Structure formats: structure tokens, C-alpha cells
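K.L.:
Fold the following, please.
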Amino acid sequence: MWAQKPANSAPELLPQLPPPIELVRSSVANEVAASGRNNVPHMFRARKQTPHGSQTRLYVETREAMAGMTIAYDDRPLTPEQMRGEEARLQNLVANPEQLQRKHTQEKDDADRTLRIVKALPDAFLYTYDGTENSTPGVGNDGDRLVRLKFRPNPGYSPPSRVEQVLAGMTGFVMVDATSRRIATIDGTLFKDVGFGWGILGHLDKGGHFLVEQAALRDGSWEITSMHLRFTGRILLVKGINITSDEVFSDFRPVPADLSFAKGVEMLAAEAAKRADDRKSETVVTNKNSH
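P.N.:
Sure thing, here's the model as predicted:
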């Protein structure tokens, strides 16, 4: 399990804050408002670690869909043959508008489900203040004070759909940027088995855990910087679920706001080639220094 940063009591800050639920409601309102704006799109790198190994990918946000290219497995660069396969897969998307549209629709559906969970946070839980800590250095909000709020299920909450059902069995904490009123961390653990689809489609086991962190970038926009998942369960009471992954997102760089998917693919290919050239140069320098 990943390490958690200790929370510090901060009497000089907490008395100045509104009641916990008001801070949560205003922060959630800001998250919802940000999701509806045309935010700055980025190119970034993602490294995902699972029990089967790691995968490193480059992503670029475009107006049509997210374009992604794998550049390494287990921190080893792709072979030329593997890279050609990645390029062919992306070109196939460029050449098939219907397939690209399906990808766009799937991404929108995923984003909508996430937004529904975020919107439910003020009503689904009861909150108490639990101290403060400083934000993680190296992103865009270095040293900003984050307020920690513990949460537990609200017994009066009735999930409006199966999307929100998982919240009824969860406890944990959120970290809120006290200045910008944005959510920096959500950490939740299932304290009981939770059914989804009213117990017909399946369930998640007690002990399931997730941690999602986001931060302000230098350009003022907010992006997810890490995601850690530990879940087991069953779908249709037959197929097992076992999700264990740690994913870190980094190297965020802004790209043109109206970037097409085709242009995004070109940018990924150029960035992958640049990284390959940089590795060759580093190898040459290392070999020279070794003699």
C-alpha cells in the first residue's frame, strides 16, 4: 500500500473555515464548473504499475478524443516492430471516423460517471475536519495548505442510481485546497461488501481502496496526477474482479486548444522519436565516459 502523508492540526487555519459541508459543497461546485469549461489541453506521460509489470504511455488531449501511445513496457522502450504496431493502431483510428466517434463517446460516458460521483459527495457523506497539510512540491500549487476532512456515509442518503451505490459502503477522507476550493485528494475504503446494479450485476468486496490525487499545473489548470486502485469482487456473480494498479501522470505540457486527433497522433510520434534520440545520445555519452 502507498504511504500517506501525516495530517497536522492547524488551529490558526481551521477556525477560519466554514462548516465542513459548506467547504465540500463549494469545492464540488468548482469541480463541476471546471468540467464544463474548455480547459487547457495537455500532452503528458503516464506510468501504470500492476502485478504483471509496468506500461508507460504518452497521451495528448484532442478535440475528438484522447490519443495515447505506448512507449515502454517494464521501463524498456518498445522494439521497432512494437512501435510500428502502435503507429498502425493510431492511424487506423485516424482513418475510421466511426471508430473514433465510439472512442469519444466511451470517454464522455466515463467522464459523466465520474462527474456523477463527484456531484454526490456533499449528500452521500457526513464530514468532519481532521487537520491540514502542505501540498506535494513539484507541481503547480507548491506549499499550498490543504485541509483534510474525514467522511463517513450519510444514513439519510439514497443513491439515485447504481453509479452512486458504491458510496454507501465507503469511508475515507478528502483533501481540499483551502485557497482555490478545489479537491486535491479523494481516498476511500469500502468497509463492507457493496453491490452494484442492485446486487444483480455484481459486487465489490470489503476492503477495496482507491486514492486519486490532482493538482494545479503551472498554467493554472488542474489535472489528475496519480491514481491508485485496489478492488476485488464479482460481475454477474461469476466473473472475478481483481484490480491492482498504481498510475502516475507527469510531464504536462499545453497543446493547441483545437488540436485534431490526426495532429495529436503526429505530436505523439514526434515526441516518441525525440525521446528515442535522447536515449541514444545518453547511451553514447555513457559509453564514452566508461572508456
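K.L.:
And the closest residue in space to residue 116 that isn't next to it in sequence, how far from residue 192?
P.N.:
For residue 116, ignoring the flanking residues on the chain, the nearest one in space by CB to CB, 6 or more residues apart in numbering is residue 163 at 5.1 Å. In this view, the C-beta of every residue, glycine as well, is placed from N, C-alpha and C. Per CB to CB, to the nearest Å, residue 163 is found 18 Å from residue 192.
K.L.:
Check residue 273 too.
P.N.:
From residue 273 over to residue 192 (counting by CB to CB), the distance is 50 Å.
K.L.:
So which of the two has more stuff around it?
P.N.:
Neighbours per residue (other CB atoms under 10 Å) separate residue 273 from residue 192, with residue 192 holding more: 14 against 11.
K.L.:
Name the SS class of that one, please.
P.N.:
coil (DSSP: H, G, I helix; E, B strand; the rest coil).
K.L.:
was I right about it contacting residue 207?
P.N.:
No: assessed by CB atoms under 8 Å, residue 192 is found out of contact with residue 207, at 9.4 Å.
K.L.:
Give me the neighbour count for residue 240.
P.N.:
9.
K.L.:
Give me the secondary structure label for residue 159.
P.N.:
Assignment for residue 159 (three-state DSSP): coil.
K.L.:
please renumber so the chain begins at 776
P.N.:
Okay, residue one is now 776; in that scheme the one you just asked about reads as residue 934.
K.L.:
What residues sit buried inside stretch 1007-1020?
P.N.:
Neighbour counts over stretch 1007-1020 (16 or more other CB atoms under 10 Å) mark 1007, 1008, 1020 as buried.
K.L.:
Likewise for stretch 1037-1048?
P.N.:
So, applying 16+ other CB under 10 Å, buried residues of stretch 1037-1048: 1037, 1038, 1039, 1040, 1041, 1042, 1043, 1044, 1046, 1047.
K.L.:
For residue 890, state which of these is nearest.
P.N.:
Among the buried residues of stretch 1037-1048, residue 1039 lies closest to residue 890 (CB to CB), at 23.4 Å.
K.L.:
Does that closest one lie in a helix or a strand, and which?
P.N.:
Using DSSP states H and E, residue 1039 maps to helix 1036-1065.
K.L.:
now that helix: how far from the chain's centre is it?
P.N.:
26 Å (CA atoms, centre = their mean, to the nearest Å).
K.L.:
Stretch 1035-1043 too?
P.N.:
Between the centre of stretch 1035-1043 and the centre of its chain there are 22 Å (CA atoms, centre = their mean).
K.L.:
for stretch 1022-1029, same thing?
P.N.:
11 Å.
K.L.:
Perfect, I'm done here.
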